[in-house]
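Asker: Here's my sequence, what's the structure:
(chains A and B)
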Amino acid sequence: MNIGVLSLQGDFIEHYQVLQALGVTPRMVRLPKDLEGLQGLILPGGESTTIGKLATAFDLMEPIRQFGKSHAIWGTCAGAILLSKDAERDQPLLNLMDITVARNAFGRQVDSFEVDLPASFLQDGLEMPFHAVFIRAPIIRSVTGEAEILLTLPDGQIIAAQQGNLLATSFHPELTDDYRFHQYFLELVRS
Amino acid sequence: MEQQVATFKVKKGLAQMLKGGVIMDVVTPDHAKIAEDAGAVAVMALERVPADIRAHGGVARMSDPELIMQIMDAVSIPVMAKCRIGHFVEAQILESLGVDYLDESEVLTPADEAHHINKHNFKVPFVCGCRNLGEALRRIGEGAAMMRTKGEAGTGDVVEAVRHARTVLGDIKRLQNMPEEELMSFAKEISAPYDLVKETRDLGRLPVVNFAAGGIATPADAGLMMQLGVDGVFVGSGIFKSGDPAKRAQAIVRATTHYNDPAILAEVSRNLGDAMVGRQVTDIPEAELIATRGW
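Answerer: The predicted structure is shown next:
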């Protein structure tokens, strides 16, 4: 399976490591030609403004947008912001998912947190909650059109959404040793 | 389902999100906006860039909280601030403002000549400077969640950043080739906690993100440090002491991403105007060197 990781800025190496542990050789995506022959793409965590500006400067926005119309893409944190159609401020977005996000919605870095969350769509997801790490994380403010809510915090705030082949999480499965979210994405790529 | 805040994982995690990026020194909200527009991953808010601290002399302290708050209001990217080595009350004050990272920095005048801050006591994560593996692991032992080379701040001369990056990375290679029974003596030799020495050996890298800092002034300098193996770069005086800060800032951001592609490095290096004039480290009297501060 050919899975690319957008590697302009952020924690792309952490995604490579999980993919490698699952037997997938990741491909570094820095220029439009790197998308050729890929079956799926991960947009990592990082600074969404930085990644968006670099993707614009190196002509990646439109090719990724086209790629997402027929392939699986998963965005974690900054990547989820890039997938959205609205981030409540002026910055480059892919406009692929019918979600609006609020950046840094939990506050500043001192408010970053970890929490265990039951996730029924993951393997054994109710008995073994998923450990989610939130770092200056966004919240998915609204889910409209064909997008669906995948996961919420106990207070109802949306932190994961899916729209067909497209997946957005406001936390970082790549920062844990639990590979179930990556497995879920790889199944999405296969289907 | 209890939420845990200020764990080492989330402290270290923010630094992981900054990797492959450029953190820029800014002294006004306008500078901060220029840095954000250029693609900086974070800004370091301070009253004077290191080149001016050198030029002015005198005691260099934490910046005015009012300035830092104005900069925090101006941008959406993380804001860092500097406190003096060992000055835990400056650190408490800066933490209360809600800054995203604290730099216990040798660029300011040290407040304690024997002890660094106990960084475990804080919710805000810390970055610290290092010249070698022992210094890096002592700081991590005290709770630092991110490291950077010290380099020689405010000079625009990359030679010390190169020396420090090569020393840290070389020490790690040496450690990896060592039989396990030699680790305790090695930990003693470099004055570092044994557990962190062992963890570094197992990982083949520092247990936290490691950036380059101190003397980076051009896209080529950023590419050099990235190819040597650091995770990202700080640019202090190099941007706002140059002829065209916005353009140079953007070029250094692009160079840090495409550090392995000489054609792109050439393209982004074109027509940047004057680089900061700078000062050769070898011309600086020993008493004026900054990198030797810290213990």
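Asker: can you map out the helices along chain A?
Answerer: For chain A, applying DSSP state H gives helices covering A:12-21, A:48-57, A:61-70, A:78-83, A:180-190.
Asker: Just confirm residue A:102 contacts residue A:137, I think it does.
Answerer: No - applying CB atoms under 8 Å as the test, residue A:102 and residue A:137 come out as separate, 10.0 Å apart. (Glycine included, C-beta is placed from N, CA and C.)
Asker: neighbour-wise, which of those two wins?
Answerer: Shown here are residue A:102 and residue A:137; by other CB atoms under 10 Å in any protein chain shown, residue A:137 has more neighbours (29 against 20).
Asker: Thought residue A:112 was touching that one, still the case?
Answerer: Yes - with contacts counted by CB under 8 Å, residue A:137 reaches residue A:112, the gap being 7.2 Å.
Asker: that older thread, mean pLDDT, mean neighbour count and distance to residue B:146 for the helices of chain A - can I get that in CSV?
Answerer: As requested, these are exported to CSV (pLDDT from 0 to 100; neighbours: other CB atoms under 10 Å in any protein chain shown; distance: least, CB to CB, whole Å):
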stretch, mean pLDDT, mean neighbour count, distance to residue B:146
helix A:12-21, 98, 20, 15
helix A:48-57, 98, 24, 17
helix A:61-70, 98, 16, 30
helix A:78-83, 98, 28, 18
helix A:180-190, 97, 18, 25
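Asker: nearest to chain B, of these?
Answerer: Across the helices of chain A, chain B has its closest neighbour in helix A:48-57 (4.3 Å, CB to the nearest CB).
Asker: Extract the C-alpha set from that closest one and format it as PDB.
Answerer: Taking C-alpha atoms only, helix A:48-57 is exported to PDB below (Å, rounded to 0.1, in the frame of the first residue of the first chain):
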ATOM      1  CA  SER A  48      -1.700  24.900  10.200                       C
ATOM      2  CA  THR A  49      -0.800  28.400   9.000                       C
ATOM      3  CA  THR A  50       2.800  27.300   8.300                       C
ATOM      4  CA  ILE A  51       1.700  24.100   6.500                       C
ATOM      5  CA  GLY A  52      -0.900  25.900   4.500                       C
ATOM      6  CA  LYS A  53       1.500  28.700   3.400                       C
ATOM      7  CA  LEU A  54       4.100  26.100   2.400                       C
ATOM      8  CA  ALA A  55       1.500  24.000   0.500                       C
ATOM      9  CA  THR A  56       0.400  27.100  -1.300                       C
ATOM     10  CA  ALA A  57       4.000  28.200  -2.200                       C
END
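Asker: Tell me which residues are up against it.
Answerer: The contact list for helix A:48-57 (CB atoms under 8 Å, 6 or more residues apart in numbering or on different chains) reads A:6, A:8-10, A:43, A:60-61, A:64, A:77-79, A:81-82, A:87, A:91-93, A:103, B:21, B:36, B:38-41, B:76-77, B:253-254, B:257.
Asker: where exactly do the helices run in the stretch 151-295 of chain B?
Answerer: B:159-176, B:183-189, B:194-203, B:219-228, B:237-240, B:245-257, B:262-269 (DSSP state H, counting those that start in this stretch).
Asker: same question, the stretch 1-150 of chain B
Answerer: Here the stretch 1-150 of chain B has its helices, by DSSP H, counting those that start in this stretch, at B:8-18, B:29-38, B:50-56, B:65-74, B:88-97, B:133-141.
Asker: tell me the contacts of the residue minimising distance to the centre of chain A?
Answerer: Chain A has residue A:75 as the residue nearest its centroid, 1.5 Å off, counting by CA atoms, centre = their mean. By CB under 8 Å, 6+ apart, the contact list for residue A:75 reads A:42, A:43, A:81, A:82, A:83, A:167, A:168, A:169.
Asker: what about the residue nearest to it when sequence neighbours are not counted, neighbour count?
Answerer: Spatial nearest neighbour of residue A:75, chain neighbours left out: residue A:43 (4.0 Å); criterion: CB to CB, 6 or more residues apart in numbering or on different chains. Using other CB under 10 Å, residue A:43 has 32 neighbouring residues.
Asker: try residue A:179
Answerer: 16.
Asker: do the same with residue A:156
Answerer: 7.
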